[in-house]
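Chemist: predicted structure and sequence below. I'll ask about it afterward.
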Amino acid sequence: MRVEQFLEDSSRQFPEKIAVVAGDRRLTFREIDDASDRLAAALRRHGVMRGDRVVVFMDNRWEAVVGIFAVLKAGAVFSPINPTTKADKLAYMLKNCRAAAVITLAPLLPVARDAMAEAPSVKLAVVVGATGRPAVPGGIRFEDALTDPGAVPSDVAGIDLDLAMLIYTSGSTGVPKGVMMTHQNVVAAATSITTYLENTPDDIILNVLPISFDYGLYQVLMAMRVGATLVLEKSFAFPQAILNRIAAENVTGFPLVPTMAAILLQMKDLKPGAYPHIRYITNTAAALPPAHIMRLQELFPRTRLYSMYGVTECKRCTYLPPEQLARRPGSVGVAIPGTEAYVVDDAGQRVLPGTVGELVIRGPHVMQGYWENPEATDRALRRVAFLTEKLLHTGDLFRADEEGFLYFVARKDDIIKTRGEKVSPKEIENVLYALAGVREAAVIGVPDPILGMAIKAVVVSTNAVMREQDVIRHCAKHLEEFMIPKFVEFRDALPKTDSGKISRRLIDAQPLEAAK
Amino acid sequence: MQTDIEQKIRQFITDNFLFREDRAALSDTESLLDAGVIDSTGVLELVAFLETEFGLAVDDADIVPENLDSISSIAGYIKGKTA
């Protein structure tokens, strides 16, 4: 099965049912299906070929849903990219995957245009909301593409072994890597997750997570798969506005990251049981503190809470059946249906309960590798004895209890989880070094009640008048919002290892001597 | 009085958020969210500032875009609460 069949099947079964609610727009499955057929035909007419990469550079809006399915229907591969991405990083990704086209919106066009100028492979830009012809080479209006009489739908898509998407993820080297997922991978993951969440066409899922983030993206894919309604929101900045929306739409499914849970728990007037229609709440990206789990359960007494864990390389690894939550609140559970997850030592041997080792994953949801990066692929996907497929090494340290339930212990590398997103310290350090006057820089995570970890930059500057704001302003020009340091500390020197490398761990251990 | 409130809000936003965007000016009526000036943690910081600076309690139900998404809407909200 291919991913676009999720939408086609639901459109056949529930043509007049509402598929997507975004702002004041409500679109049926038939409307989303028809619009993506027409956009797919326009993409083909403008030269997008089977297997081409098409970047979807948009915030959470219905046009993004149409864009994603149109790319798949055209037989191409979509790559969703965070709308706060700056031009230099977008250019890197466009060049890395040699994208053939970009689907974006008018307010993001200046960024997309600068990036496209460096990426000669991009021949087409489909722009939502442009007045007149978009001011970019190969620019067409999204709205025109949907009504183009010259674009004739064709059955070109392909087979389910084809790549469906590339999801860029932070690597410890600081350079993003494109996780390659076939249609089979995506269908397997979406099927497994909707199975344990017991999703049905009666579900109404409110998604405020960016669809550039696989957790947010899968809300779209899973809603289309089961014929549920998806309510798309752009931001959790005003939580009361989201709760009002949840009540107005009778939402049944509400995916969270720990930062959102922490914000909800800070609300003073949230009454227990005020949203009885929420059937389930999910959490992933980082563990919720058990105290937060208990308080969430008090606020949503009829709601099933799912603690989950995943890596982009297989989408989701584990989930804790909600009935286990009271017994083992610190656990992220067991392998998702149809897959296997276990803990191994450095020699690759399974370890006994209670022993810490690396979590490894088997299943049809495991990626094909990183796009054109065989070295990184070989580190993550390894051939082991007695397995016909390669085993995914997550880079996360886990332990299991006597009954096999899994507990996250730590990352093996220095990747920081903040607001549910993975951030490479190296990537931020590379940006810091580009600021004139920065002689040494290191980025670490510091515990934060809302963010999980907050990003802190520790800088040695030769510029005596450099201030915290100068550093943050510089970072904001080059990094996505969630990567911008919250704190900046200036020091005279950074601690080094014996080999002379700056040590992030030693910085952590040192007492703070902030000189603001 | 009115300009005083608006100036304090503008000063807070400039000191805490606006420098990220590297923009010369933000109009009084521009959406802070759409302009990318403020996010979910920013709203929490803004609410904490309003509570300390103007000595009022901001109810959860008041933390909505209609009250807090632009300098002029924030000023209007403060005036309504302190009137």
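Modeler: That came in fine, so what should we check first? Numbering: from 1, shown residues only, chains lettered A, B, ... in the order given.
Chemist: which intervals of chain B have sub-threshold pLDDT?
Modeler: Counting by pLDDT under 70, chain B contains low-confidence ranges at B:1-2, B:18-25.
Chemist: so which bits of it are right by chain A?
Modeler: Contact residues of chain B with respect to chain A, defined by Cβ under 8 Å from any Cβ of the partner chain, are listed as B:19-22, B:33, B:36, B:38-44, B:59-65, B:68-69. In this view, the C-beta of every residue, glycine as well, is placed from N, C-alpha and C.
Chemist: please repeat the previous calculation with a cut-off of 10 Å.
Modeler: Selection of chain B residues close to chain A by Cβ under 10 Å from any Cβ of the partner chain yields B:15-16, B:18-22, B:32-36, B:38-44, B:46-47, B:57-69.
Chemist: buried only: go through those for me.
Modeler: Taking 16 or more other Cβ atoms under 10 Å in any protein chain shown as the criterion, what is buried in these is B:16, B:18-20, B:32-33, B:35-36, B:38-44, B:46-47, B:58, B:60, B:62-65, B:67-69.
Chemist: what number of residues lie near A:Glu372?
Modeler: Counted with other Cβ atoms under 10 Å in any protein chain shown, the burial measure for A:Glu372 works out to 13 neighbours.
Chemist: now do stretch A:194-208, average pLDDT.
Modeler: Computed over stretch A:194-208, the mean pLDDT rounds to 98.
Chemist: does that stretch come close to chain B?
Modeler: Yes: contact between stretch A:194-208 and chain B, assessed by Cβ under 10 Å from any Cβ, occurs at A:Val208.
Chemist: end to end, how far does that stretch reach?
Modeler: One end of stretch A:194-208 sits 18 Å from the other (Cα to Cα, to the nearest Å).
Chemist: what of stretch B:26-44?
Modeler: Taking Cα to Cα, the span from the opening residue of stretch B:26-44 to its closing residue is 20 Å.
Chemist: who in the stretch 351-500 of chain A is up against chain B?
Modeler: Looking at chain B, the residues of the stretch 351-500 of chain A close enough under Cβ under 10 Å from any Cβ are A:419, A:448, A:450-451, A:454, A:467-470, A:472-477, A:481-482, A:484, A:486.
Chemist: tell me the residues of the stretch 151-300 of chain A that contact chain B?
Modeler: Residues of the stretch 151-300 of chain A that fall close to chain B, judged by Cβ under 10 Å from any Cβ: A:208, A:234-244, A:259-260, A:262-264, A:266-270.
Chemist: filter the residues you listed down to the buried ones, ChimeraX style.
Modeler: Buried residues among these (16+ other Cβ under 10 Å), as a ChimeraX selection:
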select /A:208,235,236,237,238,239,240,241,242,243,259,260,262,263,264,267,270
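Chemist: who are the packing partners of the longest helix along chain B?
Modeler: Ranked by number of residues, the top helix in chain B under DSSP state H is helix B:40-54. Other helices and strands packing on helix B:40-54, by 3 or more Cβ pairs under 10 Å, 6 or more residues apart in numbering or on different chains; DSSP states H and E, are helix A:239-248, helix A:258-266, helix B:2-13, helix B:65-68, helix B:71-82.
Chemist: other residues contacting stretch A:7-18?
Modeler: The list of residues contacting stretch A:7-18 from outside it, by Cβ atoms under 10 Å, 6 or more residues apart in numbering or on different chains, reads A:1-2, A:5, A:19, A:26-34, A:36-37, A:65-66, A:68-69, A:72-73, A:201, A:204, A:220-221, A:223-231, A:249.
Chemist: those residues in helices, which ones?
Modeler: Taking DSSP H, the ones among the contacts of stretch A:7-18 that sit in helices are A:5, A:29-34, A:36-37, A:65-66, A:68-69, A:72-73, A:220-221, A:223-226.
Chemist: what pLDDT does the residue in the stretch 1-150 of chain A positioned nearest to chain B get?
Modeler: The stretch 1-150 of chain A approaches chain B most closely through A:Thr84 (7.2 Å), counting by Cβ to the nearest Cβ. The model reports A:Thr84 with a pLDDT of 89.
Chemist: could you do A:Tyr215 as well?
Modeler: Model confidence at A:Tyr215 (pLDDT) stands at 94.
Chemist: residues in contact with it?
Modeler: A:Tyr215 touches A:207, A:209, A:255-257, A:282-285, A:308, A:310, A:312, A:315-316, A:420-421, counting by Cβ under 10 Å, 6+ apart.
Chemist: among those residues, which pair sits farthest apart?
Modeler: Between all members of the contacts of A:Tyr215, the longest pairwise span (Cβ to Cβ) is found for A:Leu256 and A:Thr312 and amounts to 18.2 Å.
Chemist: looking at the two, which has the bigger crowd around it?
Modeler: Neighbour tally, A:Leu256 and A:Thr312, criterion other Cβ under 10 Å: the higher count belongs to A:Leu256, 24 against 19.
Chemist: give me the nearest residue to the more buried one, chain neighbours excluded.
Modeler: Closest residue in space to A:Leu256, ignoring its immediate chain neighbours: A:Asn283 at 5.0 Å, by Cβ to Cβ, 6 or more residues apart in numbering or on different chains.
Chemist: next: A:Ala145.
Modeler: Nearest non-adjacent residue to A:Ala145, counting by Cβ to Cβ, 6+ apart: A:Ala42, 3.7 Å away.
Chemist: next helix or strand past the helix or strand that contains A:Ala291?
Modeler: If you go by DSSP states H and E, A:Ala291 is part of helix A:290-299. Following the chain from helix A:290-299 toward its C-terminal end, the next helix or strand by DSSP H and E is strand A:304-309.
Chemist: who's in contact with whichever helix or strand comes after that next one?
Modeler: Scanning the chain past strand A:304-309 towards its C-terminal end, the next helix or strand to appear is strand A:318-319 (assignment: DSSP H and E). Among residues not part of strand A:318-319, those counted as contacts by Cβ under 10 Å, 6+ apart are A:192-193, A:196-197, A:282, A:284, A:306-310, A:331-337, A:339, A:341, A:359, A:361, A:398, A:405-406, A:408.
Chemist: narrow those to those in helices?
Modeler: Among those, the members that lie in helices (by DSSP H) are A:Ser192, A:Ile193, A:Tyr196.
Chemist: out of the residues you listed, who's nearest chain B?
Modeler: When the ones in helices among the contacts of strand A:318-319 are compared for distance to chain B (Cβ to the nearest Cβ), A:Ile193 comes out closest, at 25.1 Å.
Chemist: give me the most central residue, chain A.
Modeler: Within chain A, the residue whose C-alpha comes closest to the C-alpha centroid is A:Phe213; the distance, by Cα atoms, centre = their mean, is 1.7 Å.
Chemist: tell me the confidence at the closest residue in space to that residue that isn't next to it in sequence?
Modeler: In space, not counting the residues next to it along the chain, A:Phe213 is nearest to A:Glu421; the distance is 6.7 Å by Cβ to Cβ, 6+ apart. In the predicted model, A:Glu421 carries a pLDDT score of 81.
Chemist: try the one 5 residues further on
Modeler: Predicted confidence (pLDDT) at A:Lys426: the value is 87.
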